[in-house]
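A.B. asks: Turn this into a structure:
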Amino acid sequence: MLIRSTLLTPLGTMFLEEKDEQVIRLVFCDSPSAAAYHSPLSLTLQTELTAYFDGRQPTFSVPLQPDLTPYQEKVFRVLSLIPYGHLTTYGELTHALSRGSAMATGQALKRNPIHILIPCHRVVGKDHQLTGYAGGLWRKKALLRLEHAPGI
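C.D. replies: Next up, the predicted model:
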C-alpha cells in the first residue's frame with residue numbers, strides 16, 4: 001500500500017511516499033497538500049530530519065527503495081559515500097563512477113527522488129559554484145551551510 005505524508009522542515013514542507021515501510025520518494029514541495037495519515041516510518045523520519053536540521057550529523061535509519069535506473073543506482077551508491085559536510089563536483093563524481101559524462105551524472109542527480117537522504121546537494125559545479133538542485137538552489141545553499149561545507 002502506498003502511503004503519502006508531509007513532513008515539516010525549516011526549509012519547507014517535504015512530501016513523503018512510502019511503500020512496504022520503505023521510502024520511495026522524499027522531495028521538497030512548494031505547494032504541499034494535506035496528508036491525513038502519519039505512519040511509524042514518517043514519524044521516525046520526521047524525528048531524524050529534525051535532528052539533522054538542529055545541526056546534528058544525521059544517522060538516517062529509514063530504509064530506501066527508490067525506483068532507479070541502473071546508472072542512477074550506481075551514481076547514488078557513490079554519492080552516498082560523500083560524508084556529511086563534504087563536497088564533490090560533478091566531474092569528480094563522474095570520474096569515481098568510471099563511466100558516463102558529467103552531464104549524464106547531472107541528469108541522474110536531477111531525478112533524485114529522495115532529497116537529503118541521498119545527498120545530491122553535496123555535488124557542486126567546477127570551482128565549487130552552486131548549480132542544480134531540484135529543491136531550489138536556495139535550499140541547496142542552506143543545506144550546505146547547515147553541514148558547514150567548506151567555501152559555502
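A.B. asks: Please name every helix or strand in contact with the least confident helix or strand in the chain by mean pLDDT.
C.D. replies: Least confident helix or strand, the chain: helix 102-110 with a mean of 86, by mean pLDDT, DSSP states H and E. In terms of contacts (3 or more CB pairs under 8 Å, 6 or more residues apart in numbering; DSSP states H and E), helix 102-110 is packed against helix 70-79, helix 90-97. From N, CA and C alone the C-beta is placed, and that goes for glycine too.
A.B. asks: packing partners for the last one?
C.D. replies: Other elements packing on helix 90-97 under the criterion 3+ CB pairs under 8 Å, 6+ apart are helix 70-79, helix 102-110, strand 123-124.
A.B. asks: re the thing from before, out of the helices and strands packed on helix 102-110, which gets nearest to His115?
C.D. replies: Among those, helix 70-79 comes nearest to His115, with 12.0 Å by CB to CB.
A.B. asks: for the closest one, the distance to its chain's centre please.
C.D. replies: Relative to the centre of its chain, helix 70-79 is centred 13 Å away, using CA atoms, centre = their mean, to the nearest Å.
A.B. asks: before we move on, what about stretch 100-120?
C.D. replies: 9 Å.
A.B. asks: cool, and stretch 50-68?
C.D. replies: 9 Å.
A.B. asks: now do stretch 58-70
C.D. replies: What separates the centre of stretch 58-70 from the centre of its chain is 10 Å, taken as CA atoms, centre = their mean.
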